[in-house]
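Trainee: how does the following fold in three dimensions:
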Amino acid sequence: MLTRSELPENPVTLVLQDADGHQNIITTERVRGGKVRMTCTCEQGKLLGWCDHRMQLLCLRYDGVVESDDDTEFHFEDIVIGTQLADSADEVEVALTDFRAALEALHFERALALNEVGLRSLADRARDLADATTHLDVALARFRKHLAAGFA
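Mentor: The predicted structure is shown next:
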């Protein structure tokens, strides 16, 4: 991980476009103590303290980036790779994937017969979903904490 003084560009600003065509501006910078400060202009970020836009970038998914070039992405990665914020974003990504899979499995299981075997299986899927939900809740809390720490 580069130190703040070694970063060739700090901060880095990227624009992401939503599926509905709305554009959000995400600014990322390294601050003291190796922490990362990220801001986004979207409503979700203001309401929840985190947003999918920051998650996408921290997981190095640039699909929605408007007018990006390799240099900008490289400078962004210089800022975030190896930080606690990037690690916690990866954890949220895994937790979201597990949550969606458990939710889908529960949805599929609901359609089966309401017999002893079907009910047991439904209860197992419900427990899986509860576990995945708890993991996601913890991962999101950690992610929000790391996002907020960049402002300390």
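
Trainee: check what pLDDT the nearest residue to R37 once chain neighbours are set aside gets.
Mentor: Nearest residue to R37, sequence neighbours excluded (C-beta to C-beta, 6 or more residues apart in numbering): G150, at 3.6 Å. Using the backbone N, CA and C atoms, a C-beta is placed for each residue, glycine as well. Here the pLDDT value assigned to G150 is 78.

Trainee: what about G150, neighbour count?
Mentor: 20 (other C-beta atoms under 10 Å).

Trainee: wait, isn't it in contact with T39?
Mentor: No: under the criterion of C-beta atoms under 8 Å, G150 makes no contact with T39, lying 9.0 Å away.

Trainee: return the distance of F108 relative to L129.
Mentor: 12 Å (C-beta to C-beta, to the nearest Å).

Trainee: grab the longest strand from the protein for me.
Mentor: Longest strand in the chain, counting residues (DSSP state E): strand 23-30.

Trainee: name the residues that touch the next helix or strand after that one?
Mentor: Toward the C-terminal end, the helix or strand that comes next after strand 23-30 (DSSP states H and E) is strand 36-40. By C-beta atoms under 8 Å, 6 or more residues apart in numbering, the surrounding residues in contact with strand 36-40 are 11, 24-31, 45, 51, 53-54, 57-58, 79-80, 83, 85-86, 146-147, 150-151.

Trainee: again, but for stretch 23-34
Mentor: For stretch 23-34, contacts defined as C-beta under 8 Å, 6+ apart pick out 1, 3-4, 7, 10-18, 36-42, 51, 53-54, 57, 66, 76, 79-80, 83, 150.
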